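Undergrad: can you look at this prediction? I've put the sequence above it.
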Amino acid sequence: MMVVVALVTVISGYVVQHEMEADVRQNLDERFKTEFDAMLAVREANDSAVIERCREIVRSPRLHGAIEDNALDMLYSIADAELHRLLPMPSVAGSPGDAQDAGESGMFRVRGYRFLDENGAVIEPKERRSLDEVQGAEDASLLTALRMKKLPQQEEVGYVAEHSSDVGTIIHQVVATPIVSSETGQPIAALVLLFKSAALPARLAGRDVRNGIWVEGHLDLPGALPGVVEMVKRVMVAEAGKLQDEMELSLDGAPYLLHFRNMNPGTAFRPGVLVSLFPLAASRAQIRSVRWKMIGAGGLLLSAGLLASHLLSARFSVPVEELAIVSSTHARQRDRAEAALEDTNEELRATNAELGTALTELKETQQRVIQQERLRALGQMASGVAHDFNNALVPILGFTELLQLSPGALADREKAMSYLNIISTAAGDAAKVVSRLRQFYRKHEDGEDFEPVDLAKLATQAITLTRPRWKDQAQAAGATVRVESELAPVPPVLGDESELREVLTNLIFNAVDAMPAGGVITVRTHALPDAAVLEVSDTGVGMTEEIRTRCLEPFFSTKGERGTGLGLSMVFGIVQRHRGSVDIRSSPGVGTTFIVTLPVPGADAGGKSSAANGVRVAQALDVLVVDDEPQVRDFVAAALGMDGHRVATAPDGAVGLKRFRDGHFDLVITDKAMPGMTGDQMASAMKLMKPGTPIILLTGFGQFLDKADLPGIDVLLSKPVGVQKLREALAAVFPSR
């Protein structure tokens with residue numbers, strides 16, 4: 001028991017000693033900070049008074065008039081009068097400021113002033129003013145150095161260092177006040193006042209605390225020994241950029257607390273740091289005294305405890321009263337713990353309620369952001385569709401105009417057929433633009449049919465289709481672009497010819513954009529053991545590594561407003577759907593090479609049967625064509641009539657339903673969007689009249705509709721449509737004819 005008592009006594013003594021030392025240290029720190037904050041409050045009050053007087057000076061109508069009328073020779077005479085009235089002027093004997101200066105701690109002692117023009121440069125006076133007459137060379141240099149990089153938007157306080165062989169470094173305070181235009185509200189000049197010594201009182205409330213200011217690598221610490229000043233300067237230089245609020249250090253073997261405070265944060269002036277050097281020797285001595293007193297008290301307590309334990313050890317049981325006291329203490333502790341737990345639960349419930357509110361607000365914000373991003377993406381996607389349509393229309397319009405303007409081209413059947421083939425190919429590519437919009441919201445369907453595609457032939461077509469862009473438009477811009485082809489034979493790949501042509505077209509256009517001053521584009525094909533490779537190289541500006549890794553991202557563009565950021569991302573998407581890969585090799589100033597690798601199918605693989613190209617219904621049919629567009633009706637009627645079918649037409653659903661009821665038709669071809677009655681509504685009514693009549697829905701919305709949602713339709717056909725597609729649709733509904 002004596003061991004237990006001794007151990008408890010030692011631990012208790014240590015804890016009490018530690019807490020008392022902490023209390024002493026905290027009391028000392030609080031006293032220092034309280035006195036320090038009081039001193040700063042006085043300083044800030046003085047600064048506020050100075051700033052308010054500076055504002056009153058620059059609000060002078062005469063001063064504003066002289067600056068706005070560019071009467072700069074009157075500035076300093078007007079300012080002298082205002083300064084004599086509002087701030088002390090020690091250079092003028094008997095001025096009103098002398099008495100004021102004596103009663104306000106010297107904080108308003110103006111040493112000099114200058115005006116700055118709108119560029120921040122010093123406007124020198126035409127002649128020395130009364131305030132300058134007592135200044136020496138040092139004062140003149142300080143005034144000349146008051147130039148600022150730009151005029152302040154509001155009052156700013158700064159500090160400048162003066163070096164004197166007699167007293168060392170002295171820090172002065174500078175107040176810059178903007179002079180605002182009465183018309184624009186913007187600063188047009190500034191008044192900069194230089195005040196006598198900005199140093200704070202050397203001591204705080206009679207304590208041996210040194211205060212000074214650090215600015216521009218110089219320290220003004222009055223009353224401190226030179227060795228102490230130099231050591232503090234070394235600490236400031238070594239800790240520049242990572243100063244804490246305070247730090248402890250040893251100077252000449254004595255402990256000190258070095259306290260820092262930024263005096264002018266956020267101004268155009270050099271940072272002025274308030275440095276307070278607080279000796280800790282007395283505090284440490286007081287703490288040591290407390291420690292020894294506690295050790296003595298602890299020794300006495302330990303002796304008393306050992307004596308008490310010796311007396312108590314003779315007892316064999318604890319009195320019932322002591323047990324009751326202990327039980328009562330435990331009960332009170334339990335009640336306090338339960339009360340604390342209840343308070344904690346209440347705080348948790350309040351916190352949960354706040355989190356629920358924050359989560360609701362976060363979800364609402366998220367929905368707004370998603371909606372905004374959707375609208376932005378829709379606008380960019382619409383821009384990309386217009387871009388692709390314009391690209392597809394270039395060869396259509398260009399070669400059509402050549403046929404119209406050149407009668408010789410029409411007479412040359414081979415050239416005319418070549419032009420028509422290019423126009424047909426480009427028109428098919430334009431039709432594919434709408435279908436590719438679905439790629440933004442659907443995945444690749446395994447059931448999509450691909451046909452064999454000759455990459456070398458495809459490259460030749462793409463070079464011809466893009467010729468207006470890389471030759472004519474480039475020459476119009478003063479650049480010469482040459483396209484060279486190195487097309488080695490490669491086995492056919494399975495794919496969508498229009499989509500693969502779009503890949504090559506986009507890569508050629510991208511290469512043209514990368515060579516604003518002209519250059520060479522090289523298109524190559526070569527074979528690998530199990531793949532075909534298509535390369536497009538340019539001698540353009542090339543890409544950095546960051547751009548190379550991001551150029552395939554949707555909506556990423558380096559062309560500013562000219563680019564949509566969809567061209568290369570569309571290339572990547574098409575190649576991925578064809579189970580291929582895209583590799584990019586580029587260096588700034590060297591050029592870029594895009595390498596597209598597509599798998600070659602096995603010997604037993606293939607696309608659609610070529611026999612489908614010649615499919616047609618041999619028996620003549622009676623067909624009703626319903627469409628509100630006359631050109632569509634005329635084309636479908638002409639295409640069907642070419643195969644021997646008999647065709648009747650109707651301009652809308654109501655007329656079409658009447659002609660269907662009054663006549664006999666083997667087949668109905670109808671548009672969907674028509675005035676009055678839609679095509680699917682008309683088809684449902686026709687199915688009720690004659691359930692066995694097949695109906696083909698020919699619509700521009702075919703890429704976005706699902707046939708399962710149209711019970712009255714037998715075949716869904718998308719616009720634009722050609723003769724072969726019409727024949728295939730008829731063969732689908734009349735397979736035995």
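TA: Nice, I can see it.

Undergrad: for the stretch 601-737 of the chain, which spans come out with low pLDDT?
TA: Across the stretch 601-737 of the chain, the ranges flagged by pLDDT under 70 are 603-616, 618, 703-704, 736-737.

Undergrad: helices of that one, start to end?
TA: For the stretch 601-737 of the chain, the helices defined by DSSP state H, counting those that start in this stretch cover 630-642, 653-662, 679-689, 723-733.

Undergrad: quick one, which of these is nearest to Val493?
TA: Of all the helices of the stretch 601-737 of the chain, helix 723-733 sits nearest to Val493, with 22.3 Å by CB to CB. The way it works is simple: take the backbone N, C-alpha and C, and place the C-beta from them, glycine included.

Undergrad: and that closest one, what other elements does it pack with?
TA: helix 630-642, strand 695-699, strand 715-718 (3 or more CB pairs under 8 Å, 6 or more residues apart in numbering; DSSP states H and E).

Undergrad: for Leu258, which of the helices of the stretch 601-737 of the chain is the nearest?
TA: For the helices of the stretch 601-737 of the chain, distance to Leu258 was read as CB to CB. The smallest value, 85.7 Å, belongs to helix 679-689.

Undergrad: could you dump the helices of the stretch 601-737 of the chain into TSV and include distance to Asp220 and mean neighbour count?
TA: Converted to TSV, those look like this (distance: least, CB to CB, whole Å; neighbours: other CB atoms under 10 Å):
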stretch	distance to Asp220	mean neighbour count
helix 630-642	91	16
helix 653-662	95	17
helix 679-689	90	19
helix 723-733	91	18
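
Undergrad: closest one to Thr505 among these?
TA: It's helix 723-733; of these, that one is closest to Thr505 (CB to CB) at 22.8 Å.

Undergrad: just checking, Pro187 touches Glu156?
TA: No: look at Pro187 against Glu156 with CB atoms under 8 Å: they stay out of range, at 11.4 Å.

Undergrad: buried residues, stretch 512-519. List them.
TA: Residues of stretch 512-519 classed as buried: Val512, Asp513, Ala514, Met515, Gly518, Gly519 (neighbour count, 16 or more other CB atoms under 10 Å).

Undergrad: where does the prediction get shaky in the stretch 1-150 of the chain?
TA: Flagging of the stretch 1-150 of the chain using pLDDT under 70 yields the residue ranges 1-6, 8-10, 12-13, 16-17, 21, 88-108, 127-147.

Undergrad: the same query, at a cut-off of 80, please.
TA: For the stretch 1-150 of the chain, applying pLDDT under 80 flags the ranges 1-47, 65-66, 68-75, 82-112, 120, 126-150.

Undergrad: where do the strands of it begin and end?
TA: Taking DSSP state E, counting those that start in this stretch, the strands of the stretch 1-150 of the chain run over residues 110-116, 122-123.

Undergrad: of the ones you listed, which stretch is the most buried?
TA: The highest mean neighbour count among the strands of the stretch 1-150 of the chain, using mean count of other CB atoms under 10 Å, belongs to strand 110-116: a mean of 23.

Undergrad: now do the strands in the stretch 201-350 of the chain.
TA: In the stretch 201-350 of the chain, the strands defined using DSSP E, counting those that start in this stretch lie at 210-215, 218-220, 246-251, 254-262, 273-279.
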